[in-house]
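Visitor: predicted model and sequence below, questions to follow.
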Amino acid sequence: MPTVSEVCEYLDQLAPVDLAEDWDNVGLLIGRRSSEVRRMMTCLTLTPDVASEAVEQCVQLVVSHHPVLFRGAKKISDQSIEGQMILQLIESGVAVYSPHTRFDSAQRGVNQRLAEGFGLQEISAIRRSESLPALGSGRAGRLSSPMPLSEFLKVVRSVCDASYLEYCGDSDSTVSHVGVACGAAAEFLDDAVELGCDTFVTGEARFHSVLDARNRGVNLILMGHYSSERPAMEWLAAQLGQEFSGVDVKSSEVECDPLALFS
């Protein structure tokens with residue numbers, strides 16, 4: 001059986017450390033590197049129900065896209081929900097690794113997979129990494145054949161497996177040059193426009209970012225934060241299962257989008 005350290009080394013190669021944003025908290029966040037791994041689980045976010053699932057399933061390592069202890073902590077106690085969850089994981093010997101923005105920007109990471117799923121070609125980073133110039137944050141590319149926004153919306157919904165999408169733009173407008181950045185990444189809108197993108201796809205955006213896109217004549221598509229990133233964690237579970245064939249690897253079965261549509 002591999003150790004936590006060996007799995008971390010593989011994940012560090014898949015999503016290089018230099019791709020992490022300065023503000024992020026990534027890597028091995030909980031656990032002993034020498035511990036043996038027989039079962040692994042991936043998830044988008046470690047919530048109390050997901051943590052309980054990991055403990056009940058006797059998982060030794062959870063790969064959570066979103067970090068725990070994201071904003072730092074001066075104390076870990078049972079006086080907070082996060083503290084209770086972290087104590088449960090530590091007491092049960094569950095290690096936690098988070099790739100987060102490293103995986104967003106990796107060559108086979110979240111944004112690359114979305115861009116390829118949308119059928120984009122000539123794909124490149126929206127913001128290039130200084131240390132890894134071939135990679136970087138977000139992705140932009142062109143469709144082989146332009147299509148109406150109404151048709152491209154169907155493509156996006158299929159790729160991210162979303163129950164619904166929000167969008168801003170004329171449904172009859174033509175989509176040709178597309179930018180994409182998963183999660184809450186409306187900050188990439190300016191960069192996408194500078195690259196000539198007529199359409200920008202992200203997980204969620206503030207109201208004024210939507211107005212900005214409309215005023216600039218750019219189609220904006222919101223997939224939902226969960227839908228923009230969760231499929232990649234399911235793919236990662238399959239990759240880890242192939243790399244470590246003797247380990248039982250699965251994606252969380254209890255995790256779900258915390259938002260529901262009322263109509």
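Guide: Great, that's in hand. Residues are numbered from 1 along each chain as shown.
Visitor: secondary structure class for Ile123?
Guide: strand (DSSP: H, G, I helix; E, B strand; the rest coil).
Visitor: what about the closest residue to it other than its chain neighbours, neighbour count?
Guide: The shortest distance from Ile123 to any non-neighbouring residue, by CB to CB, 6 or more residues apart in numbering, is to Gly141 (4.0 Å). Every C-beta, even on glycine, is put in place using the N, C-alpha and C of the backbone. Per other CB atoms under 10 Å, the neighbour tally for Gly141 reads 20.
Visitor: do the same with Glu187
Guide: Glu187 has 15 neighbours, counted by other CB under 10 Å.
Visitor: show me where the chain has its helices.
Guide: Taking DSSP state H as the criterion, the chain carries its helices at 4-14, 48-56, 81-91, 100-105, 110-117, 149-160, 189-194, 207-215, 225-243.
Visitor: send the alpha carbons of the third one over as CSV?
Guide: When you say that, I think you mean helix 81-91. What follows is helix 81-91, C-alpha atoms only, in CSV (Å, rounded to 0.1, in the frame of the first residue of the first chain):
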residue,chain,number,x,y,z
ILE,A,81,-18.3,23.2,13.5
GLU,A,82,-15.0,23.1,11.6
GLY,A,83,-13.1,22.3,14.8
GLN,A,84,-15.4,19.4,15.5
MET,A,85,-14.9,18.1,12.0
ILE,A,86,-11.1,18.4,12.1
LEU,A,87,-10.9,16.7,15.5
GLN,A,88,-13.1,13.9,14.1
LEU,A,89,-10.7,13.4,11.1
ILE,A,90,-7.6,13.6,13.2
GLU,A,91,-8.9,11.2,15.9
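Visitor: rewinding a little: wait, which of the helices of the chain is closest to Val68?
Guide: Nearest to Val68 among the helices of the chain is helix 81-91; the distance by CB to CB comes to 6.3 Å.
Visitor: returning to what we had before: my read: the residue nearest to Ile123 touches Leu114, true?
Guide: No - using CB atoms under 8 Å, Gly141 makes no contact with Leu114, being 10.4 Å away.
Visitor: re the thing from before, please identify which of the helices of the chain is closest to Gly179.
Guide: Between the helices of the chain, helix 189-194 lies closest to Gly179; by CB to CB that is 3.2 Å.
Visitor: look up how far Ser92 lies from Glu82.
Guide: Glu82 is 16 Å from Ser92, where distance means CB to CB, to the nearest Å.
Visitor: same check, this time on Glu151
Guide: The value you get for Glu151 to Ser92, if CB to CB is used, is 48 Å.
Visitor: what about these two, which has more around it?
Guide: Ser92 (15 against 11).
Visitor: pull the contacting residues for that one.
Guide: Ser92 is in contact with 54-55, counting by CB atoms under 8 Å, 6 or more residues apart in numbering.
Visitor: swap in 10 Å and give it another go.
Guide: 51-52, 54-56, 58-60 (CB atoms under 10 Å, 6 or more residues apart in numbering).
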